[in-house]
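K.L.:
below are the sequence and a predicted model; questions follow.
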Amino acid sequence: MTAIPPNLRYERKFLAEPMSLAETLALVRRHPALFCEAYPPRSVNNIYLDSPALRDYHDHIQGVACRSKMRIRWYGSCGLAVEQPVLERKIKRGMVGGKFSHPLPAMAWDADDPRRVVDAALRCGDVPAALRAAAGLRMPTLVNRYQRRYYVSADGSFRLTVDWDLQFSGFARFAADGSFSAAGPSVILELKYAPRHADLAADAVSNALPFRLARCSKYVLGVQRITSGALP
């Protein structure tokens, strides 16, 4: 049975289209929760691992209440050398979710055998045996990259991220030349908060964001943009 992470939280996602990034950030700055930037902006990169039959993808599409996603995440440059990657397993239980994170050694892609690079990192990293075994049943399927800004409300109860410039690539193509072949929505916002704040306060903060609430998994978006739902 999959362990439950201790950092469970709600995540509400919003699409800002047709607003521009500048318009979206201006609205965030005027929000009554008084959001201010918590960290400097940075680039986020992910390699998603899924089963050959894309079980995690289909679980999300079908709305399975208890599901998971696995990815390798790092920040900054997205070239063929990956510095300070972290293996993350995101667990979703109903409306709340959390994640486990484990550091991996640096990786440099071998275009002839990129899967070997991932397998070697998983063997050498600080990864529990059960999670390493679960990762071994998956394969790298999708790479994405985006820019992110981080905000926190004045009372510290709510976090908000603003993501833009989403790009996607199949893993084989990325490992060969570091390129991306598809783009995502212009701006995505995520409002994040602990279960103890899931009351009228959360609704008030959410309702003050004049954007469309959406189910918006970046992994699902990427698979659909690149392959129309089926990876080779």
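P.N.:
Looks like it arrived, so ask away.
K.L.:
could you use CA atoms for every contact and neighbour count after this?
P.N.:
OK.
K.L.:
touching, Leu87 and Ser101? I think so.
P.N.:
Yes - Leu87 lies in contact with Ser101 (Cα atoms under 8 Å); the separation is 5.7 Å.
K.L.:
the more surrounded of those two?
P.N.:
For Leu87 versus Ser101, the count of surrounding residues by other Cα atoms under 10 Å is larger for Leu87: 27 against 16.
K.L.:
for this structure, which segments count as helices?
P.N.:
With helices called from DSSP state H, the chain shows them at 21-29, 55-61, 114-124, 129-136, 171-177, 200-207, 218-227.
K.L.:
tell me which strands and helices the longest one is in contact with?
P.N.:
Counting contacts by 3 or more Cα pairs under 8 Å, 6 or more residues apart in numbering; DSSP states H and E, helix 114-124 packs against strand 107-108, helix 129-136.
K.L.:
can you list those in TSV and add mean pLDDT?
P.N.:
TSV is the format used below for the helices and strands packed on helix 114-124 (pLDDT from 0 to 100):
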stretch	mean pLDDT
strand 107-108	90
helix 129-136	89
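K.L.:
which of the ones you listed sits closest to Cys66?
P.N.:
Cys66 lies closest, by Cα to Cα, to one member of those: helix 129-136, at 16.0 Å.
K.L.:
distance from that closest one to the middle of the chain?
P.N.:
20 Å (Cα atoms, centre = their mean, to the nearest Å).
K.L.:
so where's this protein uncertain?
P.N.:
For the chain, the stretches with pLDDT under 70 are 1-2, 228-232.
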